[in-house]
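J.: Output the structure for:
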Amino acid sequence: MRESAIADPAGIAAGGGTGGFLEGGWRGGDGGPSRTPRRAYTTGMAIALSAIAMFFIAMVSAAVVRRGAPSGDWQPLRAGGALWRILSLNTVVLVASSLTLAHSRARARSGDDGGFRRWWLATSALGLLFLAGQLLAWRQLVEAGLYLATNPSSSFFYLITAAHGVHLAGGIVALLIVAFRPARRIAQSTAIEVTSIYWHAMDAIWICLFLFLWFGARA
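T.: Model prediction:
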């Protein structure tokens, strides 16, 4: 069974000085293969994603509780239709990135190294486009006079979208590490599998957050 290692935010080791990425696994500094099975890394990623999901659930729960506080200072986010058009487009972009990622993995399984890398990099580009769109959404808030401390609803919007953006940026870093690290037999790479799990999870989390923000703005 092929092996890999997890060290960065999305579960892909940077390599350090202890070895290199060979044929889908990591070779130790002594020249021998790592003995850690692939299942250990996928299990570790599942645990990490559970913690990340709980973090976002806690943020959403805090927003719900704050909205119902007796202070009555919660105001629905009124930033105009442009904001929600941007966020909707961002959602489409992120869903598209999961599709390109799936196609990239299919190319890897067929042994098409060049096709794998092209579609894998397309996924990275879509991720960067998503982050750029989030910055544009923040600009719409600023133009509407809504800042981090304007009211609780705008505060939670900034915090929730920023937290997701940071986690997604970690995924982009992992995608680029996998794309540019020389490897053979990429179809069996643990790094590809673990990064894909992380990326699809960030996609699913964003869809849930988008729906929460959208319905919250209309409550």
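
J.: Mind jotting down where the strands sit in the chain?
T.: Counting by DSSP state E, the chain has strands at residues 21-22, 25-26.

J.: Report the rounded mean pLDDT for the first one.
T.: With pLDDT averaged residue by residue, strand 21-22 scores 33.

J.: now swap in the last one and tell me
T.: For strand 25-26, mean pLDDT rounds to 42.

J.: and if you look at stretch 78-87?
T.: pLDDT averaged over stretch 78-87 gives 87.

J.: Tell me which residues are up against it.
T.: With contact meaning Cβ atoms under 8 Å, 6 or more residues apart in numbering, stretch 78-87 is reached by 77, 133, 136, 137, 140, 141, 144, 146, 210, 213, 214, 217. All C-beta atoms are positioned from the backbone trio N, CA, C, and that covers glycine.

J.: now stretch 120-134
T.: Applying Cβ under 8 Å, 6+ apart, the set of residues contacting stretch 120-134 from outside is 86-87, 89-90, 93-94, 96-98, 100-101, 104, 161, 165, 168-169, 171-172, 175-176, 178-179, 199.

J.: Show the buried residues in the residues you listed.
T.: 86-87, 90, 93-94, 96-98, 100-101, 104, 161, 165, 168-169, 171-172, 175-176, 178-179, 199 (16 or more other Cβ atoms under 10 Å).

J.: low-scoring stretches of this protein, by residue?
T.: Scanning the chain for pLDDT under 70 picks out 1-36, 182-188, 219.

J.: what do you get if the cut-off is 50, keeping everything else the same?
T.: Scanning the chain for pLDDT under 50 picks out 1-33, 186-187.

J.: contacting residues around the spatially most central residue of it?
T.: Central residue of the chain (Cα atoms, centre = their mean): residue 168, 3.0 Å from the mean position. Contacts were defined as Cβ under 8 Å, 6+ apart; by that measure residue 168 touches 127, 130, 131, 202, 206.

J.: let's see 6 Å
T.: residue 202 (Cβ atoms under 6 Å, 6 or more residues apart in numbering).

J.: how much space between it and residue 146?
T.: In this view, residue 168 and residue 146 are 22 Å apart by Cβ to Cβ, to the nearest Å.
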